[in-house]
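Visitor: sequence-free structure coming up:
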């Protein structure tokens, strides 16, 4: 019997998820066939079904994988020794994703499926919970050691403010073809500056 290679299995799963994400973004979840995913992933249906029994399992795995990534990043302390830089990087990364048409289309497909499918809805809720926890942890790290009354508002409220603006940029880019994403980014940056303590030597400046 051939020995199982966990690293190879993980890579095959990643390959399937990447291919499926592209197909779902291009064609929609329900219009995408498993044959299209197989062709994009360059594998046989037998190989695909060895890892995922259905398209529903694939979309669930996409959400769960993103949630795991968020959790690992949060547990690693944001991936940077400088909490301020880590927070700014987190916001910038999310903004860049929301400016990616493929990412936006995939997100809309997932949200549409969440309305119909309770399992997908539960996974999306868990993903959003981890997303807020990640941002809240970064904000708490930025303000660590400073007096609570120096904060403009509690860190949970600051997280809500930034998430509302990020999600607003996301939704406006979907429904308004004339939406100025750059202007939205400037509004987000202004809000972010209001959530940061003065930087050493340059009050309010970004690192």
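Guide: Cool, got the structure. Nothing here was measured: the structure is a model prediction, and the numbers come from that model. Residues are numbered from 1 along each chain as shown.
Visitor: could you use CA atoms for every contact and neighbour count after this?
Guide: OK.
Visitor: what comes up buried for the longest helix along the chain?
Guide: For the chain, the longest helix by residue count, based on DSSP state H, is helix 118-143. In terms of neighbour count (16 or more other Cα atoms under 10 Å), helix 118-143 has its buried residues at 120-121, 123-124, 127, 130-143.
Visitor: quick check: mean pLDDT of it?
Guide: Across helix 118-143, pLDDT averages out at 95.
Visitor: the inter-axis angle of the next helix or strand after it versus helix 118-143?
Guide: Once the chain leaves helix 118-143, the next helix or strand it forms, by DSSP states H and E, is helix 155-175. On the basis of axes from the mean of the first three to the mean of the last three Cα atoms, to 10 degrees, helix 155-175 is oriented at 130 degrees to helix 118-143.
Visitor: leaving out sequence neighbours, find the closest residue to residue 52.
Guide: Nearest residue to residue 52, sequence neighbours excluded (Cα to Cα, 6 or more residues apart in numbering): residue 58, at 6.2 Å.
Visitor: what does the pLDDT read for the one you found?
Guide: On the pLDDT scale, residue 58 gets 96.
Visitor: ok, it - how many residues close by?
Guide: Residue 58 sits with 19 neighbouring residues when counted by other Cα atoms under 10 Å.
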